[in-house]
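**Student:** following is a predicted model, sequence given first.
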Amino acid sequence: MKRKMFLGVLGLLGLFVFLTAAAAQDYPNKPIMLQVPYPAGGSTDVGARIVAAVAEKQFGQPVVVVNKPGAGGQLGWTELAKQKPDGYYLGMISMPHMLTAILDPERKSTFKAEDITPIISQALDPTTISVRPDSWKTMKELIDDAKKRPGQISAGIVGYLQDDEIGYLQFAEGAGVQLRLVYFDGAAPAITALLGKHVDVLFCTVGDNYNQWKAGKIRMLTIMDKERSKFYPDLQTTAELGYPTILSAATRGIGAPKGIPQPILKKIEDVFKKAMESKDHLDKLEGAAQPVKIMTGEEFNKYYWDSFNVAKKWVEYVRKK
Amino acid sequence: MEALQYWMQGFSVATLPINLMFALIGCVLGTLIGVLPGLGPAAGTAILIPITFNLDPIGAIIMLAAIYYGAMYGGTITSVLVNVPGEAASVITCFDGYQMAKQGRGGPALGIAAIGSFVGGTFATFALMVVSLPLASFALRFGPPEVFALLVVGLSLVTGLAGRSLLAALIMTFFGLLLAMIGMDPVRGAPRFTFGVQDLYDGVGFVPVVMGLFGVGEILVSMEQPVLEVIKTKLSDLFPKRKEWGISSAAIGRGTIIGFFLGLIPGIGAIIPTFLAYVVEKKVSKHPEKFGTGVIEGVASPETANNSYANAAMVPLLTLGIPGSPTLAVLMGAFIIHGLTPGPFLFKERPDVVWGLIASLYLGNVILLILNLPLVGLWAKLLEIRYQYLYPGILLFCILGAYSLNQSVFDVTMMVLFGIVGYVFRKLDWPLAPAILALILGPMMERSLRTSLEMSGGDLFIFFQRPISAVLLILAAAILVTSAIRLMPMWARKESKN
Amino acid sequence: MKRPWQIASLIFVFLSLFVLIHSFSYPYKDRLGPGPGFFPFWMSIITGLLSLGLFLQTTLGKSDPTEKSSFFPNREGGLRIVLILASLAMVVVFLNPLGFRVSLLLFLFFLPIFLGVRNWVVIPILAVAGSFGVFHVFYYWLKLPLPIGIFGI
């Protein structure tokens, strides 16, 4: 009796493995949805469309970009977490945006960080401290000035409790200063505000300000990354300026609802990795001023949870005030 | 003059047969998209981006810009013929445009809209070429406090739409403001009034609400006494009457100026210029009470302002790389995908692209005019389909439009619910327009107020310390006070009736 | 129109009260100024006052004898309206389970019938074109996803 059961279970397992492997062979056999939780035209959307166009050639099935904007991305991610983990519904995820949406009790999110499986990252866009060309020349000058008049210098931030704010909080803690925060819900109004002299400092990412920098309208004091940016080779990092702990970036990638069978997951990872490494993709993303950074598997998973912990620290800090 | 040289270069690019073809295709596709209620130029443009992938950048941009244009005109068609605005910019056109269509004058309405759009767009395109940079820098001075003040002015103009009862109009305005509060608040991202309904996290959604209030609501009202005798439109009816040309021209002139200047301010949104143009037109008119019943200048003015605005909004996009509206953001995204990043650098690096685009905008205006004027008759004929087929057809497209916004049935539900609400308000004769306006302007107001206070550290005086916002706020107060005074006799009359 | 206006304005008074009460659950002030509760609080108070004002104005004023339209539609019109609303409700309910094609096929088939036409050639053609045809254009050509029901249609 026991032997029969044992054989039965073995058989079942074998069938299961065979079926999922077969499913992976079979995958994809219909179009794949790639959801973008932001309105069309933004940097995430652009990145998604570029990679979708390349990936669908390798998948042999269309990769359809679906916009589901709202609530700063929360609507899209909530929807993503609810989908069937069969590999046909993927979504663009952003860190720390998605993580703070989960962690901030006021956002009342209904999904958790473990409900989403991070698959592969596309871009890692570090935060910079940007100013107008005629103001502070170095970060030291800004810090000294800020110490003299705490809470008086206005600093623009894109998004509530997102990468730029975390960047500011790290800066404030690391340099021991306090600025007057002004929030904007997009890069465009934020840049406009800096150019129009409505704020004096702007925490924003490379993708946000590259254009204006090229035109000479914006200068940066530093970039919050471990290494120099290939877009701004002359810009000193926070580490070089003596503040190695001030690190912040907006990271975009592809995720899926948890529970995708391993073979299918691997296939998705492989195809998108090849797509992202292709010259077409690299060129187009660079043209859009998005620093490409491809992480997969364990590396991306670790990054995901590291970002989660950083976000957790800051969300609790802000909420306590 | 360097500009002239670029101008000529731009035209030489834009008139290449292949680029002309792209512009033509774009206009046609765009119009078709715009005709679909609810789909909206932004979504439509986004959908069509992949089509442009295999084209060279200039051709692709030309086509996309033409789609953008065409879609706007398509939105006008639905506003006039079925009272369903495709997006914010077309809302105001519904007021008089639809009334004209009901009287069998859909042709002249669409015709004057096409002409006005052409004039407004052309003027703006030329002005674009001349004044881009200096005006763009002026527009940068519009920060959050200025935007707030401008929005207050916008809302105060609601009194110009009062109609039967000032109180009812005000209640509807606040109804719109209250509706606008559903969803994540612009301050902390905390959901308000959502009662646990996830779909409401982003608010009720402007498009389903408007499609419901205006479109579905209108159909329900019509169902009470459906028109069995269809008014056949004669070809001669396709043009405005002789005496209307004069007043239309003046309206077009005013609309052009208003639209152009407001278009330079990044992020304002199309409803303010169209609304402002309409109200100004009403105020200078010799017969203000006729507005809303189908006066041609009530169509000419907002339509012209709309196109003038749309072209002018290209200025912040091309010179500063700042998109002034969701559709322009999509356009910018498309630029980027093709390796061209709009902004001051693009002017220097690829003047052929920029000036080619600008010249193509002008040509797009011409193409649209040529395309649409003859088609006006065709569109007007559509209204002659018997209502038992026409209305289900319209409802089909409303359902399609509402669903395709976010691939969500919830939006369709909202549309139907607001259809009922719209029906009720129509029967009560309470004006819908103030509610729509407030729904759009409300969140912008709250956000700009909040951001202004963040800038000033909590000090309300910031609005008066800055010259532009101070002037605008005083203007708003003046408008409110003069409207109240003028309507005093109405109050007095009501009192004396007792 | 007196009675309907009275009822409508009273409904708004109660709506304002409802919003007001709920606005207390959101913080009124923030460290920098108005919090999420600020606007709802004031908006609902103003709306309530305006609605009350309209109620009083309507109640105390005279009914206008030249008023021709009554609030409620006639029997025939009312029936049509109910039918259209019911059809729309059905579409909303069945759009996801049955999919776009089936739901709209039924909608476009029955609604003209409810409204009185009996053309058994045109109706089916239009119904199929509007449901399956439109689906094809949007799903396959424009790549816009439309609901597919549990039967895979």
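**Tutor:** Everything's here; your move.

**Student:** SS state for residue A:123?
**Tutor:** strand (DSSP: H, G, I helix; E, B strand; the rest coil).

**Student:** correct me, but it touches residue A:48?
**Tutor:** No - counting by CB atoms under 8 Å, residue A:123 does not reach residue A:48; the two are 10.8 Å apart. For every residue, glycine as well, the C-beta is placed using N, CA and C.

**Student:** how many neighbours does residue B:134 have?
**Tutor:** 10 (other CB atoms under 10 Å in any protein chain shown).

**Student:** need the strands for chain B, in chain order.
**Tutor:** B:183-184, B:191-192 (DSSP state E).

**Student:** adding mean neighbour count, write those out as TSV.
**Tutor:** As requested, those are exported to TSV (neighbours: other CB atoms under 10 Å in any protein chain shown):
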stretch	mean neighbour count
strand B:183-184	24
strand B:191-192	24
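
**Student:** and chain C, which of those strands is closest to it?
**Tutor:** strand B:191-192 (5.8 Å; CB to the nearest CB).

**Student:** report whether the closest one contacts chain A.
**Tutor:** Yes - contact of strand B:191-192 with chain A (CB under 8 Å from any CB of the partner chain) involves residue B:191.

**Student:** each with direction, which strands does that strand pair with?
**Tutor:** strand B:183-184 (antiparallel) (DSSP bridges).

**Student:** returning to that earlier point: can you redo the strands of chain B as TSV with mean pLDDT?
**Tutor:** Below are these laid out as TSV (pLDDT from 0 to 100):
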stretch	mean pLDDT
strand B:183-184	82
strand B:191-192	84
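
**Student:** can I get the ones you listed in JSON lines including distance to residue A:132?
**Tutor:** Below are the strands of chain B laid out as JSON lines (distance: least, CB to CB, whole Å):
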{"stretch": "strand B:183-184", "distance to residue A:132": "31"}
{"stretch": "strand B:191-192", "distance to residue A:132": "36"}
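
**Student:** okay, now the unreliable bits of chain C?
**Tutor:** Scanning chain C for pLDDT under 70 picks out C:1, C:31-33, C:62-70, C:142-143.

**Student:** state the distance from the residue in it that chain B sits nearest to to residue A:162.
**Tutor:** Residue of chain C nearest chain B, by CB to the nearest CB: residue C:77 (3.5 Å). Remark: distance between residue C:77 and residue A:162 (CB to CB, to the nearest Å) = 53 Å.

**Student:** okay, those two: which has more neighbours?
**Tutor:** residue A:162 (28 against 17).

**Student:** what sits against the more buried one?
**Tutor:** By CB atoms under 8 Å, 6 or more residues apart in numbering or on different chains, the contact set of residue A:162 is A:72, A:96-97, A:100, A:250.

**Student:** now, which of those sits nearest chain B?
**Tutor:** For the contacts of residue A:162, the nearest to chain B is residue A:72 (6.1 Å; CB to the nearest CB).

**Student:** that closest one against residue A:94, yeah?
**Tutor:** No - Residue A:72 is beyond contact range of residue A:94, at 9.6 Å (criterion: CB under 8 Å).

**Student:** okay, now the residue nearest to residue B:311 when sequence neighbours are not counted: neighbour count?
**Tutor:** The shortest distance from residue B:311 to any residue other than its chain neighbours is 3.4 Å, reached at residue B:124 (CB to CB, 6 or more residues apart in numbering or on different chains). Using other CB under 10 Å, residue B:124 has 30 other residues around it.

**Student:** so where do the helices sit in the chain?
**Tutor:** Reading this off chain A. A:2-26, A:43-59, A:74-82, A:97-103, A:139-148, A:163-175, A:187-195, A:206-214, A:262-277, A:279-287, A:297-320 (DSSP state H).

**Student:** my bad, the chain I had in mind was chain C
**Tutor:** According to DSSP H, the helices that chain C contains are C:2-23, C:38-60, C:75-114, C:122-128, C:134-136.

**Student:** so which of those helices gets nearest residue A:140?
**Tutor:** Comparison of the helices of chain C against residue A:140 by CB to CB identifies helix C:38-60 as nearest, at 39.5 Å.
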